[in-house]
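1. What shape does this take:
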Amino acid sequence: MNLNLAALLGRINRSLEEASRFVSLALSKGSDTQTAEIAPFSIQFNSGLSWSREEENLAWRHWILKNGFRDIAELISVVLEEAHQVLTFYALIDRQTAGETLNAAALAARDRDISRFHRLSLSDKLEWLLAQPDFSIPDEKIEEIKSINAARNCLGHRSGIVGERDKTHENMLIVKWLGLDTAVEVEGVEIPFEPPMYLEKGGTVITRLVRRTKEFQLGDRITFDEREFSEIAWTIFAFAQAVTSALESAGKARGITFTEAQV
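-> Sure, this is the predicted structure:
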C-alpha cells in the first residue's frame, strides 16, 4: 500500500507561496490610486467616508493583511483535516489487521466522523489528533499555530483590534513564529547582513532559525510587515511538514510506504 503525503505538502507550499507573494507586493507598494486602472463602470457609495492619503494607505494595508492572514490560516485546517482522514484510515487498517471484516457500515461511519471533524474548532481538532496512537507534534509548533490562528481570528472578527477574546497570555496576544536571521562573520565578528553589502576582506554568510514573538496589548491593532508575514506563512509550512512526518512514522509502523516529497 502506498500513500502520497507529498501531494498535501505540494498543495500547501503552492498556496502559501502565492499568498506570501501577493501580500508582500501589496504591503510594499501600498494603495496607489495614482496608477490604478479605473473601471469603465463602477458603483459609487455615499457613506460620508473621507480619508486622507495616509489613512487610505493604512486601511489598504490592513485589508490586505486581514485577507492574506485568512488565506494562510485556512491552510492550517486543511492540514489537520487531511491528517484526520489519514489517521481514520489507519484505524480501519488496525481493525482489519486484528481480524475484523470491514463492511459498508464501517466506511459510512468513517465518513460521518470526517464530517463531524470538519465542524470542530482548531483547538478541538488538535486535541483529537494528538490523542491518537503513534502520532505527535512538537509542542512549540502547536503553540505557533494556535497563536497564528488567534491573530487570524482577531483580524477577521474584530478588525485586528485585540480584545478579551484574543488574549493568549494575561492581558495580551502573543504571536509566535519561525524566522530566519542572516549575518556575516568577518574575522570572527558577526555583523548583520544588509544587502547590498561589500566586504573588502570577504566573510562567511551565516543563517540560523530563530523563534520570533510579537506582543499586542489589549486595544492594540495587529500589524505585520512583509517579512513577518512571509515568515509566518513559512511557519505554517513547517507545521505541515511536522504533521506529514508524524503521519508517515505512524504509517510505516503499519507497513505502509510513502511517495517521497518533492517540494
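
2. that's a strand at Arg208, yeah?
-> Yes. Judged by DSSP: H, G, I helix; E, B strand; the rest coil, Arg208 forms part of a strand.

3. Quickly list what it is bridged to.
-> Asp181 (DSSP bridges).

4. Is Ser147 in contact with Lys176, as I believe?
-> Yes. Using C-beta atoms under 8 Å, Ser147 is in contact with Lys176, at 4.7 Å. Where you see a C-beta, it was placed from the backbone N, CA and C, and this is true even at glycine.

5. Could you export stretch 146-154 as PDB, CA atoms only?
-> Backbone C-alpha positions of stretch 146-154 (Å, rounded to 0.1, in the frame of the first residue of the first chain) are rendered in PDB as follows:
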ATOM      1  CA  LYS A 146      -2.500  28.400  17.900                       C
ATOM      2  CA  SER A 147      -1.100  31.900  18.200                       C
ATOM      3  CA  ILE A 148      -1.200  32.500  14.400                       C
ATOM      4  CA  ASN A 149      -4.800  31.300  14.400                       C
ATOM      5  CA  ALA A 150      -5.600  33.700  17.300                       C
ATOM      6  CA  ALA A 151      -4.200  36.600  15.200                       C
ATOM      7  CA  ARG A 152      -6.300  35.500  12.300                       C
ATOM      8  CA  ASN A 153      -9.500  35.400  14.400                       C
ATOM      9  CA  CYS A 154      -8.800  38.900  15.700                       C
END
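
6. Let me see the mean pLDDT of it.
-> Mean per-residue pLDDT for stretch 146-154: 96.

7. which residues are contacting it?
-> Defining contact as C-beta atoms under 8 Å, 6 or more residues apart in numbering, one finds that stretch 146-154 is touched by 69-70, 73, 76, 122-123, 126, 160-163, 165-166, 168, 173-177, 222, 232, 235-236.

8. got it, and stretch 124-133?
-> Residues contacting stretch 124-133 (C-beta under 8 Å, 6+ apart): 77, 80-81, 83-84, 87, 117, 120, 135-137, 142, 145-146, 250.

9. Give the rounded mean pLDDT of that stretch.
-> Rounded mean pLDDT across stretch 124-133 is 94.

10. so how far is that stretch off the chain centroid?
-> 18 Å (C-alpha atoms, centre = their mean, to the nearest Å).

11. which of the residues in it are buried?
-> Judged by neighbour count (16 or more other C-beta atoms under 10 Å), stretch 124-133 contains these buried residues: Lys125, Leu126, Trp128, Leu129, Gln132.

12. give the contact list for Lys176.
-> Residues in contact with Lys176 (C-beta under 8 Å, 6+ apart) are Glu140, Glu143, Glu144, Ser147, Ile148, Arg211, Arg212, Thr213.

13. so what's the third one closest to, chain neighbours aside?
-> Yep, that's Glu144 we're talking about. Nearest non-adjacent residue to Glu144, counting by C-beta to C-beta, 6 or more residues apart in numbering: Lys176, 4.7 Å away.

14. So which bits of the helix or strand encompassing that neighbour are buried?
-> Following DSSP states H and E, one finds Lys176 within strand 172-186. By neighbour count with 16+ other C-beta under 10 Å, strand 172-186 contains the buried residues Leu173, Ile174, Val175, Lys176, Trp177, Leu178, Gly179, Ala183, Val184.

15. Beyond it, next helix or strand please.
-> The helix or strand immediately downstream of strand 172-186 is strand 189-192, counting by DSSP H and E.

16. what lines up beside that following strand in the sheet?
-> Strand 189-192 pairs in its sheet with strand 172-186 (antiparallel), by DSSP bridges.
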